[in-house]
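Asker: Quick check, what structure comes out for this input:
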Amino acid sequence: MTDSVQLDGNSLTRAQLIAVSRGAQVALDAQQLHAVQRAADFLAEQVRREEPIYGVNTGFGSNADRLLGAHRVRDQLPGAIPSDEVSLHEELQRNLIITHAVCVGEPLAADIVRAMLAIRINTLMRGHSGIRVGTLQALANLLNAGIVPVVPKMGSVGASGDLAPLSHLAIVLLGGGEDFHNGVRMPGGEALERAGLERVRLSYKEGLALNNGTAQMLACGVLAIDRLERLLDTADLAAAMTIDAFAGRVHAFDEAVHALRPHPGQVHVAARLRALLAGSTLADIPYHLVPRFAQWQPQAWDTPDAQAQRFDIRWDWVPLDQRHGREKFYQRFRPFRGGKKHQPQDSYSLRCVPQVHGAVRDAVAQAARVMDIELNAVTDNPLIFPDMQGARHVEEQVISAGHFHGMPLALAMSYVKAAIPVLASISERRLNKLVDPATNDGLPGFLIGNEDATESGFMIVQYTAAAIVNDLASRAHPASVYSVPTSANAEDHVSMGANEARHVLDMTDDLARVLGLELYTAAQALDFREDMIHAAQALAARTDAEHFASKVHGGPPKGHADRDAFLAEVEGLRAELANAPSFSAGTAVEAAWHALRERIPFMSRDRAMDGDVADAVRLVEQDVLLDASRVAEAAVRP
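Answerer: Below is the predicted model of the structure:
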């Protein structure tokens with residue numbers, strides 16, 4: 001079991017919350033509990049003095065103008081059955097919880113609920129909520145006993161906080177509701193008995209303290225940010241593997257370039273790409289060394305080993321009479337057109353990775369900043385200041401405010417919600433470039449040999465990515481812009497932050513799927529790119545210009561006046577290839593490729609791909625490829 005996380009209301013971090021969500025226990029800071037009890041004692045004294053305090057001896061929401069009486073009026077109704085032997089103050093708090101636990105839908109996952117419990121405990125530890133130490137300790141005991149209240153996912157409007165979901169947490173303390181204990185769903189009271197825990201009877205304002213707050217939206221938000229931070233790194237890795245598969249241009253990622261537009265995320269991504277591509281001899285390869293794919297034919301190669309290739313290769317020679325006005329160019333660059341066009345820039349989905357991935361990073365960083373503040377904020381109502389200096393009336397010490405309103409979180413999540421489809425979209429565009437023979441710089445169409453026109457290769461992988469991207473885009477509409485007033489218009493503007501954060505958390509699953517599909521496809525493309533270049537090098541090493549010229553189209557026939565010039569230029573290409581070092585991807589990219597290939601073999605012929613796709617997504621979800629790249633990168637870091 002992970003070491004316990006100490007909660008004091010002031011220092012909870014996202015990393016600690018993630019640990020609790022995954023099973024770590026919590027401990028309450030003994031010193032801070034004095035502040036908790038001080039506020040509870042203050043409230044009890046004010047009630048003894050019969051001071052009117054919202055939510056303590058008044059109704060809630062639109063009933064805030066109704067004071068609790070000395071006895072129950074309803075007991076005087078004809079035929080009335082005497083009420084329970086509890087005070088009106090306790091009944092007020094209990095009824096708040098039991099009538100507000102009305103969420104619907106599938107239960108939230110256990111990690112979300114555990115995070116909600118930890119958040120609620122931490123904010124109550126600040127000592128401005130009026131809850132008693134015993135009740136707060138009971139909430140911590142619930143969490144530490146592994147009891148996971150059943151919290152249906154839909155029902156919060158994000159003001160007054162997550163009332164309904166938090167009531168599902170609190171109702172279990174009272175012996176009601178349902179929960180999961182040791183994985184078994186059961187009534188809340190039964191789980192308390194099995195864990196040896198007592199039911200709680202609520203005192204002044206404790207119902208409000210337990211269900212006013214932003215815990216659901218914050219829990220979902222923190223878990224989403226944790227996931228997204230890893231997926232952002234995975235997206236950079238996927239882009240780097242695709243860039244290597246394209247033998248792309250990397251000067252667009254130079255440090256000096258990004259110093260001229262220093263958005264933090266953009267600068268970070270450019271640096272990540274430089275690190276991931278470090279050691280690559282594919283990136284910035286001279287364009288004329290890259291052959292393009294040609295259909296395999298029985299006579300394509302000159303040796304049995306070479307004949308085992310699943311492709312042929314070719315270049316086109318630029319005739320002498322087509323070079324007029326471009327003579328200086330062809331003095332510097334060899335006159336062969338293979339898989340790569342001679343151009344100084346790649347398409348936007350490659351060249352603009354820092355600008356796009358970086359902007360998404362900045363959106364996530366902004367949300368993380370909001371989450372970090374909210375983790376140690378007081379978010380219930382009213383707020384209690386028992387030691388307020390110079391207070392003349394209780395209204396100056398018990399202040400109704402709006403900290404339960406989730407708009408700070410909702411807008412931060414809206415920003416991220418819009419950013420997720422952007423990251424998925426540029427990934428899908430890179431994937432599409434890899435499979436399209438019109439844009440993949442000389443790779444085979446759909447990354448398959450397809451000698452007999454019977455194979456589809458990776459064609460439909462792009463369809464799946466496109467479908468996911470469309471689905472993400474259709475879900476990106478911000479919930480935060482559409483307020484639906486509640487509580488008889490007492491709560492006339494709400495945040496919808498719980499919906500927003502839940503949507504974002506759900507959308508991370510689909511983002512992981514798109515990135516898995518890109519990495520799966522990029523690995524196939526990288527295999528083809530390296531194998532085609534290495535086949536060209538092997539041919540160059542064992543043949544002369546006359547033989548090598550069989551892979552070059554457009555050359556003059558024997559006896560033509562330009563034949564000697566053609567062969568001389570072919571010899572220059574052959575010698576350069578023969579003497580070049582072996583070409584490979586960046587060290588970190590190679591490590592990720594190896595990790596993927598341990599699970600998913602190269603696809604030389606069409607096969608059922610559903611298992612491959614599922615494996616690729618799992619490799620992303622489990623950070624297998626990301627971890628492999630990080631280990632390799634650390635090993636070569638200066």
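Asker: and the residue most central in space within the chain, how far is that from Ala109?
Answerer: The centre of the chain sits closest to Leu228, judged by C-alpha atoms, centre = their mean, with a distance of 2.3 Å. According to C-beta to C-beta, to the nearest Å, Leu228 stands 17 Å off from Ala109. In short, each C-beta sits where N, CA and C put it, glycine included.
Asker: for Phe42, same thing?
Answerer: For Phe42, the distance to Ala109 - C-beta to C-beta - is 38 Å.
Asker: distance of the closest residue to Asp346 other than its chain neighbours from Arg529?
Answerer: Distance criterion C-beta to C-beta, 6 or more residues apart in numbering; nearest residue to Asp346, sequence neighbours excluded, is Gly248 at 4.9 Å. For Gly248, the distance to Arg529 equals 11 Å [C-beta to C-beta].
Asker: check contacts around Phe404.
Answerer: Ala159, Ser160, Gly161, Asn212, Gly213, Thr214, Thr379, Asp380, Asn381 (C-beta atoms under 8 Å, 6 or more residues apart in numbering).
Asker: Closest one to His553 out of the residues you listed, please.
Answerer: Using C-beta to C-beta, Thr214 comes nearest to His553 of the contacts of Phe404, at 66.4 Å.
Asker: So the closest one is in contact with Leu163, correct?
Answerer: No: at 10.6 Å, Thr214 does not count as touching Leu163 under the criterion of C-beta atoms under 8 Å.
Asker: Compare those two (neighbour count), which wins?
Answerer: Under the criterion of other C-beta atoms under 10 Å, the comparison of Thr214 against Leu163 puts Thr214 first, with 35 against 30.
Asker: picking up where we left off before, which helix or strand contains the residue nearest to the centre of the chain?
Answerer: helix 215-245 (DSSP states H and E).
Asker: Buried residues, that helix. List them.
Answerer: Neighbour-count burial for helix 215-245, counted by 16 or more other C-beta atoms under 10 Å, picks out 215-228, 230-245.
Asker: Kindly report the same for stretch 286-298.
Answerer: Within stretch 286-298, the residues that count as buried by 16+ other C-beta under 10 Å are Tyr287, His288, Leu289, Val290, Pro291, Arg292, Phe293, Ala294, Trp296.
Asker: got the contact list for the second one?
Answerer: The contact partners of His288, by C-beta under 8 Å, 6+ apart, come to Trp315, Phe333, Arg334, Pro335, Phe336, Arg337, Gly338, Lys340, His342, Leu573.
Asker: can you check Asp387 too?
Answerer: So Asp387 contacts Arg38 (C-beta under 8 Å, 6+ apart).
Asker: got a pLDDT number for it?
Answerer: Asp387 is assigned 90 on the pLDDT scale.
Asker: just the helices in the stretch 251-400 of the chain please.
Answerer: According to DSSP state H, counting those that start in this stretch, the stretch 251-400 of the chain carries its helices in the segments 255-258, 264-276, 304-307, 327-332, 348-351, 353-375.
Asker: re the thing from before, which of the contacts of His288 lies closest to His357?
Answerer: Of all these, His357 sits closest to Lys340, with 23.9 Å by C-beta to C-beta.
Asker: burial of the closest residue to Gly176 other than its chain neighbours, as a residue count?
Answerer: Take Gly176 and drop its neighbours on the chain: the residue closest to it by C-beta to C-beta, 6+ apart is Gly188, 5.4 Å away. By the measure other C-beta under 10 Å, the count of residues near Gly188 is 23.
Asker: didn't Gly188 look like it was pressed against Phe180?
Answerer: No: the pair Gly188 / Phe180 is not scored as a contact, 10.5 Å apart, by C-beta under 8 Å.
Asker: gap between Ile384 and Ala549?
Answerer: Distance of Ile384 to Ala549, computed by C-beta to C-beta: 88 Å.
Asker: Let me know the secondary structure of Ser604.
Answerer: Here Ser604 is coil, with the state taken from DSSP: H, G, I helix; E, B strand; the rest coil.
Asker: how much space between it and Ala595?
Answerer: According to C-beta to C-beta, Ser604 stands 20 Å off from Ala595.
Asker: which one of the two has more residues nearby?
Answerer: Shown here are Ser604 and Ala595; by other C-beta under 10 Å, Ala595 has more neighbours (21 against 12).
Asker: list the contacts for that one?
Answerer: Leu619, Val624, Leu625, Ala628.
Asker: Tell me the one of the residues you listed nearest Leu197?
Answerer: Nearest to Leu197 out of the contacts of Ala595 is Val624 (C-beta to C-beta; 39.7 Å).
Asker: Next one: that closest one from Asn122, what distance?
Answerer: 33 Å.
Asker: what do you get for Leu197?
Answerer: 20 Å.
Asker: How about Ala614?
Answerer: The value you get for Ala614 to Asn122, if C-beta to C-beta is used, is 38 Å.
Asker: Look at these two and report which has more neighbours.
Answerer: Taking neighbours as other C-beta under 10 Å, Ala614 and Asn122 compare with Asn122 leading, 28 against 13.
Asker: okay, the helix or strand where the more buried one lies in PDB with CA atoms only?
Answerer: Asn122 is part of helix 110-124 when elements are defined by DSSP H and E. Output of helix 110-124 as PDB, limited to C-alpha atoms (Å, rounded to 0.1, in the frame of the first residue of the first chain):
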ATOM      1  CA  ALA A 110     -13.600   4.300  -8.200                       C
ATOM      2  CA  ASP A 111     -10.600   6.600  -8.800                       C
ATOM      3  CA  ILE A 112     -12.800   9.600  -9.400                       C
ATOM      4  CA  VAL A 113     -14.800   8.900  -6.300                       C
ATOM      5  CA  ARG A 114     -11.700   8.400  -4.100                       C
ATOM      6  CA  ALA A 115     -10.400  11.600  -5.400                       C
ATOM      7  CA  MET A 116     -13.700  13.400  -4.600                       C
ATOM      8  CA  LEU A 117     -13.500  12.100  -1.000                       C
ATOM      9  CA  ALA A 118      -9.900  13.300  -0.600                       C
ATOM     10  CA  ILE A 119     -10.700  16.800  -2.100                       C
ATOM     11  CA  ARG A 120     -13.700  17.100   0.200                       C
ATOM     12  CA  ILE A 121     -11.700  16.200   3.300                       C
ATOM     13  CA  ASN A 122      -8.900  18.500   2.400                       C
ATOM     14  CA  THR A 123     -11.100  21.600   1.900                       C
ATOM     15  CA  LEU A 124     -12.900  20.900   5.200                       C
END
